[in-house]
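Visitor: predicted coordinates and the sequence they were generated for:
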Amino acid sequence: MSNPLKLNYFVRRSSYVVALAAVFGCGGKKPAKAPTPEPTAPLPTAGLAGQRVALTPLELVGAEDTLHLDTLIADRRKTLDKCDSVIMAFLTARAPEVTWVGPAELRHIAHRAPGIVAEPDQLGTPFLRAAGIVDVPDPLRYQLRTLMGLVGGRYVMIPAGLVFRKPAAGLPGADVPGEINAELSIVMIDSRVGKVGFRTVARGQGPDVWTALTRAVKNLTPGVP
């Protein structure tokens with residue numbers, strides 16, 4: 001079956017590229033450089049133009065202990081809802097050629113078909129963060145295919161996890177007090193064949209979590225102010 005996105009189900013790895021230390025004749029080694037994250041790959045919105053694309057709710061938010069974001073993490077439901085709102089708002093504004101069907105509408109669709117469609121907040125999508133996953137296993141594959149049958153589309157964009165970190169030593173922002181990195185794992189699934197067709201980690205940096213997340217989502221759609 002052909003893929004309108006023309007991605008050939010290429011999976012972009014979101015792992016870090018670690019620079020190897022040079023080895024000298026005396027046997028000593030220089031300390032390894034800080035890991036350099038791969039750049040955020042832009043969403044293939046041209047291939048999605050005019051289509052209805054489901055945007056599932058975020059189910060996982062984490063933060064390094066050193067950031068002291070205990071309150072943010074403890075109030076899980078409020079935090080997840082705000083993240084969903086930020087992601088949906090910026091995608092709608094920056095990629096209007098796609099008809100985004102967001103978390104609120106997906107919940108409404110599911111509630112109109114109880115027992116047929118799984119709850120969008122309970123799909124168990126965080127495991128999709130693993131870079132090696134290409135084939136979506138059941139029951140998630142069946143659940144997404146059933147959901148998209150009611151949505152009226154083919155592709156599902158899944159925010160598989162959001163992690164807040166301190167910038168690593170040697171990387172931009174590391175010496176800025178209070179600076180935070182947001183890493184938003186994104187996968188796009190073709191629900192008809194149950195495969196991951198696109199994968200990236202959207203990264204953003206800012207003085208607080210919401211600025212960092214906003215910049216991460218903006219990096220998914222570059223070229224727009």
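Guide: Good, I have the coordinates. Numbers count the residues shown, from 1 in each chain.
Visitor: tell me where this structure has strands.
Guide: Along the chain, counting by DSSP state E, strands occupy 52-55, 61-63, 99-101, 155-165, 180-190, 195-206.
Visitor: the fifth one: how far from the chain's middle?
Guide: The one in question is strand 180-190. Centre-to-centre, strand 180-190 and its host chain are 2 Å apart (Cα atoms, centre = their mean, to the nearest Å).
Visitor: kindly report the same for the first one.
Guide: On the basis of Cα atoms, centre = their mean, strand 52-55 sits 14 Å off its chain's mean C-alpha point.
Visitor: packing partners for that strand?
Guide: Counting contacts by 3 or more Cβ pairs under 8 Å, 6 or more residues apart in numbering; DSSP states H and E, strand 52-55 is packed against helix 76-94, strand 99-101, helix 103-112, helix 140-151, strand 155-165. The C-beta positions use only the backbone N, C-alpha and C, and glycine is treated the same way.
Visitor: ok, the longest one next?
Guide: For strand 195-206, the contact count by 3+ Cβ pairs under 8 Å, 6+ apart identifies strand 180-190, helix 209-218 as packing neighbours.
Visitor: pLDDT (mean, whole number) over the longest one?
Guide: Read it as strand 180-190. For strand 180-190, mean pLDDT rounds to 97.
Visitor: got the buried residues for that strand?
Guide: 180-190 (16 or more other Cβ atoms under 10 Å).
Visitor: nearest to Ala41, of the residues you listed?
Guide: Ile186 (8.7 Å; Cβ to Cβ).
Visitor: worst-scoring helix or strand of this structure, pLDDT-wise?
Guide: helix 70-74 (a mean of 86; mean pLDDT, DSSP states H and E).
Visitor: which parts of it are buried?
Guide: Leu72.
Visitor: which residues does that helix contact?
Guide: 61-63, 79, 209 (Cβ atoms under 8 Å, 6 or more residues apart in numbering).
Visitor: cool, and stretch 199-214?
Guide: If you take Cβ under 8 Å, 6+ apart as the criterion, stretch 199-214 is touched by 11-14, 37-38, 40-41, 63, 69, 72, 82-83, 86-87, 90, 131, 162, 164, 167, 172-173, 178-188, 215-220.
Visitor: are any of those buried, and which?
Guide: Among the contacts of stretch 199-214, those scoring as buried are 11-12, 14, 37, 40-41, 63, 69, 72, 82-83, 86-87, 90, 131, 162, 164, 167, 173, 179-188, 215-220 (criterion: 16+ other Cβ under 10 Å).
Visitor: ok so, going back, using JSON lines, lay out the strands of the chain together with distance to Val136.
Guide: Shown next, in JSON lines, are the strands of the chain (distance: least, Cβ to Cβ, whole Å):
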{"stretch": "strand 52-55", "distance to Val136": "14"}
{"stretch": "strand 61-63", "distance to Val136": "22"}
{"stretch": "strand 99-101", "distance to Val136": "18"}
{"stretch": "strand 155-165", "distance to Val136": "9"}
{"stretch": "strand 180-190", "distance to Val136": "6"}
{"stretch": "strand 195-206", "distance to Val136": "7"}
